[in-house]
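1. Here's a sequence, model it:
(one chain, ligands or ions: 1)
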Amino acid sequence: MELRNFINGKFIDSISKRNIPVLNPSNQDIVGNIDEALDDEINLAFESARKAFDKRILIDMDAKEKSLMMRAIANKLREKKSEGGKILSQENGKTIAQCVGEFEGAANTFDFYAGLTDKIEHKIIPSGNDTFNYVVLEPFGVSLMIVPWNYPVSIFSGMVAQNLIVGNTIVIKPPELCPISSNFYGKIFQEVGVPEGIINIVHGYGEVTGRKLVQHPDSDYIVFTGSPQVASEILKETADRIIPTHFELGGKSAAIIYPDADIDKAVDSTVKGIFEPNAGQICVAMSRVIIHPKVKDEYMTKLTEKTKKLKIGSGNNADTQVTPLISQEQLKRVSNYVKSGIQSGATLAVGGEEAHIGEGNYYKPTVFDNVKPDSTIAQEEIFGPVTSVFNFDDEEEAINIANSTKYGLASGVFTTDDQKAKWTADRIQAGIIWQNDWFVDGVNLPGGGYKRSGYGRDGGIDGIYSHGQTKRISKRLV
Ligand code: NAD
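-> Numbering: from 1, shown residues only. The predicted structure is shown next:
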């Protein structure tokens, strides 16, 4: 497996002579040691991205040629999905099927955007007989991208595919906890002949390499998916340079369940929204449930029954439903949140402790009932298999609880009454609202955050416009 940094179209030998061990979350085995990029590698990466941008390679590339290049990347991702999925599962902990699916999803993203290279239309704005105005979408320049560990292959593809269309060249840092699978991209870029310098992959710890990348003066734009804490740091670090940023951050997503809802559907959605896949380590996890007392007993009984039966285990086993947390640190963090929930007076309905299976970072799927809306577990992103249940009496109260956190990423409403669903969706402050299910998604659909969950949109055509800037050209006709 390739463990080096990918710069200017090549995997390069380490200059820093340092590397980072990558651990398997299900047993702490070392999956590999990836090269750490420090100042020399970072300078080379920015230099090559800048050169590629200045040469206007992507901007001047024929739209059909760009489309073929992106389709070729999609095809290679599909070709390598079994091999890549296995490695992603080892370093990230998710099941092999989920990881193979992540490569397939990444391929779908490249396919979707490959179909759009020649469909970005610019605007002509009428203004009388003697003037002519048009507006074009242009790139920012060199784009720095920083990726989190929960869906590293799919987030990489979304960021890169959209930016290739707009014409930004790229320096991208995969997450240090599971970086190896991202190196499949380097191989693929070589195999399909992506011009040198357009996409450069550098590895390293967030607080070292990540910070150095952010501080580097040669980025024109920063695309970041991760925690709001790091996003704030990025803003502080770049305040003097006033460069645009695109942030996809955390969430504390709530489902509102009305008394007329199909409760079996709501229970199934909860299980898939917070426990599977990825043990709740999902930005849009259903980490809060706001339910009417009329249907609460039925919901709680069915949910606890299902939750107790979930199979916890390694991503290597095909029947695993709840996989390990990414690291020992994350396990401790989740465990501490659960302790704080118990201290706050919430009732533990199920779970609430680690699952001791070998050396893995396992936590039992956990449901808290009678949670106080202002308690820590109700307000902060836990990023683990833990959800909190609240009661409401009228619709206004449900909306108030749903909107009571600093986040605004996703949300859901369960009801058979479309009017009530619309009334609810209109009032929830979140970038995505699902009705009667969780994860109704597709690469052609835009998503992103409200409030502390970030800004900018990814997915669909909106995503393309979100990664560029417009220029107006106004002529006086002679
Ligand atoms: P994180 O913020 O700790 O790290 C994200 C990336 O930033 C990593 O590559 C890390 O190395 C890097 N980083 C860390 N410190 C840095 C610094 N000081 N300067 C520059 N880079 C730095 O987040 P995480 O733990 O990897 O991911 C979990 C978070 O990501 C959660 O909050 C989750 O909700 C969020 N997330 C959001 C979305 C979305 O689409 N909204 C998707 C996935 C994850």
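
2. Spell out which parts of this structure neighbour the ligand.
-> 146-151, 173, 175-176, 206-207, 210-211, 214, 225-227, 230, 233, 248-251, 283, 381, 383, 409, 449, 454 (C-beta under 6 Å from any ligand atom). To be clear about C-beta, it is placed using only N, CA and C from the backbone, and glycine gets the same treatment.

3. Out of those, list just those in strands.
-> 146, 173, 225, 248, 454 (DSSP state E).

4. Which members of the residues you listed are classed as buried?
-> A residue is treated as buried here by neighbour count (16 or more other C-beta atoms under 10 Å); on that basis the buried members of these are 146, 173, 225, 248, 454.

5. Now the two most distant members of those residues.
-> Every pair in those was compared (C-beta to C-beta); the two farthest apart turn out to be Lys173 and Gly454, at 17.9 Å.

6. still on that earlier bit, nearest to the ligand, of the ones in strands among the residues of the chain next to the ligand?
-> Glu248 (3.4 Å; C-beta to the nearest ligand atom).

7. which ones are touching the closest one?
-> Under the criterion of C-beta atoms under 8 Å, 6 or more residues apart in numbering, the contact list for Glu248 reads 155, 224-225, 283, 448-449, 453-454, 456, 458.

8. which of the residues you listed has the most neighbours?
-> Each of the contacts of Glu248 was scored for neighbours by other C-beta atoms under 10 Å, and Ser453 scores highest at 29 neighbours.

9. ok, for it, nearest residue in space, not its chain neighbours?
-> Computed as C-beta to C-beta, 6 or more residues apart in numbering, the closest residue to Ser453 that is not its neighbour in sequence is Leu409, at 3.9 Å.

10. what number of residues lie near the one you found?
-> Counted with other C-beta under 10 Å, the neighbours of Leu409 add up to 26.

11. quick one: it and His122, what's the gap?
-> 32 Å (C-beta to C-beta, to the nearest Å).

12. Please enumerate the helices of the stretch 101-250 of the chain.
-> Taking DSSP state H, counting those that start in this stretch as the criterion, the stretch 101-250 of the chain contains helices spanning 152-166, 183-192, 211-215, 228-238.

13. just the ones you listed: most buried one?
-> When you average the neighbours per residue for each of those (mean count of other C-beta atoms under 10 Å), helix 152-166 leads with a mean of 26.

14. elements contacting that helix?
-> Where contact means 3 or more C-beta pairs under 8 Å, 6 or more residues apart in numbering; DSSP states H and E, helix 152-166 is packed against helix 63-79, helix 81-92, helix 96-114, strand 142-146, strand 169-173, helix 183-192, strand 221-225, helix 460-466.

15. how does it look with 7 Å?
-> Contacts of helix 152-166 with other secondary structure elements, assessed using 3 or more C-beta pairs under 7 Å, 6 or more residues apart in numbering; DSSP states H and E, are made with helix 63-79, helix 96-114, strand 169-173, helix 460-466.

16. picking that back up, what are the neighbouring residues in contact with the residue nearest to Ser453?
-> Under the criterion of C-beta atoms under 7 Å, 6 or more residues apart in numbering, the contact partners of Leu409 comprise 251, 253, 283-284, 430-432, 449, 453.

17. Also Thr416?
-> For Thr416, the contact set (C-beta under 7 Å, 6+ apart) comprises 260-262.

18. So it belongs to a strand, correct?
-> No - counting by DSSP: H, G, I helix; E, B strand; the rest coil, Thr416 is not part of a strand but coil.

19. let's have the chain start at 41 instead
-> Sure, I'll start numbering at 41, so the last one becomes Thr456.

20. per-residue pLDDT, it?
-> Here the pLDDT value assigned to Thr456 is 97.

21. same deal with the one 3 residues further on?
-> Among the per-residue scores, Gln459 shows a pLDDT of 98.

22. which stretches of this structure have low pLDDT?
-> For the chain, no stretch has pLDDT under 70.

23. ok, now how distant is Met110 from Phe224?
-> Separation of Met110 from Phe224 (C-beta to C-beta): 16 Å.

24. wait, I meant Phe86
-> As for Phe86, its distance to Phe224 is 23 Å (criterion: C-beta to C-beta).

25. and the residue of the stretch 91-240 of the chain found nearest the ligand, how many neighbours does it have?
-> In the stretch 91-240 of the chain, no residue comes nearer to the ligand than Pro188, which is 3.3 Å away by C-beta to the nearest ligand atom. When neighbours are counted by other C-beta under 10 Å, Pro188 registers 23.

26. Quick check on it: phi, psi?
-> Note on Pro188: its backbone torsions stand at phi -90, psi 180 [degrees, to the nearest 10].

27. sorry, back to before: I'd like to know which of the contacts of Leu449 is nearest to Gly503.
-> Out of the contacts of Leu449, the one with the shortest distance to Gly503 is Gly471. That distance is 12.3 Å, counting by C-beta to C-beta.

28. and that closest one, how many neighbours?
-> Around Gly471 sit 22 other residues, with neighbours defined as other C-beta under 10 Å.

29. quick one, what contacts the nearest residue to it once chain neighbours are set aside?
-> Spatially, and ignoring its direct neighbours in sequence, Gly471 is nearest to Gly488 (4.6 Å; C-beta to C-beta, 6+ apart). Contact criterion C-beta under 7 Å, 6+ apart gives 288, 471, 494-498 as the residues in contact with Gly488.

30. how close does Gly488 get to Tyr174?
-> Here Gly488 is placed at a distance of 28 Å from Tyr174 (C-beta to C-beta).

31. okay, the helices and strands packed on helix 192-206, which one's buried deepest?
-> Neighbour counts averaged per stretch over those are highest for strand 209-213, at a mean of 27; criterion: mean count of other C-beta under 10 Å.
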